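Undergrad: Predicted structure and sequence below. I'll ask about it afterward.
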Amino acid sequence: YLKKEPILISESIKTGIINKYNNPYEVGQDRIVNAVAALKVYGGPVIIVDFGTATTFCAVSEKGEYLGGVICAGIKISMDALFARAAKLPRVDIVKPPSVIGKTTVESMQSGAVYGYAGQVDYIVNKMKEEVGQGAKVVATGGLARLIAEEAKTIEVIDRKLTLKGLKIIYDMNK
């Protein structure tokens, strides 16, 4: 439609990242694109937390090596599973409730989503820092990054355009 040849993110494209995954073809392109942007914009070592369909955590070394990461069920998927699998639990908006201890079923579910994921983020990031180094910068992106970052102590930067920045960097490297 645009009469342009797309650049596909693959192992043959220049990214400036050394993929240290056992099988580099298993790493999602979105994770590599985020790693490229985080390394270029924030430097390494860096840990990227992406709140998308899945919540992913990626570690990039100071030398620009994609070391690997963690993949968890995304917040929305987890909440949808509760709604679909538990007959009496309603579908709820994912917002910060007035307190951790919910006074209604809806507040209790919201508390589980917000504070539960914030705790998960802090725990996983701290464990990753034990392996990558305590000086690793922690960058969050994705739709629910701001909501969870309000409660997670380890998130230092929220960059909602991280993936777009990575795509631009890769485009510039390969044009």
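TA: Arrived safely, thanks for sending.
Undergrad: For this structure, which strand extends over the most residues?
TA: Taking DSSP state E as the criterion, the chain has its longest strand at strand 65-73.
Undergrad: Pull out the buried residues from the helix or strand following that strand.
TA: Note on strand 65-73: by DSSP states H and E, the next helix or strand toward the C-terminus is helix 75-85. By 16 or more other CB atoms under 10 Å, the buried positions in helix 75-85 come out as I75, K76, S78, M79. From N, CA and C alone the C-beta is placed, and that goes for glycine too.
Undergrad: Quick one: mean pLDDT for helix 75-85?
TA: The average pLDDT for helix 75-85 rounds to 93.
Undergrad: Just the mean pLDDT for the helix or strand containing K127, thanks.
TA: Using DSSP H and E, K127 sits in helix 105-132. Averaging pLDDT along helix 105-132 gives 97.
Undergrad: For it, name the packing helices and strands.
TA: On a contact count with 3 or more CB pairs under 8 Å, 6 or more residues apart in numbering; DSSP states H and E, helix 105-132 meets strand 46-51, strand 54-60, strand 65-73, helix 75-85, helix 145-149.
Undergrad: measure the residue nearest the centre of the chain to C72 for me?
TA: The centre of the chain sits closest to D50, judged by CA atoms, centre = their mean, with a distance of 1.3 Å. Distance from D50 to C72, counting by CB to CB, to the nearest Å: 11 Å.
Undergrad: Between these two, which contacts overlap?
TA: Contact criterion CB atoms under 8 Å, 6 or more residues apart in numbering; residues shared by D50 and C72: T56, F57.
Undergrad: I appreciate the help and will end here.
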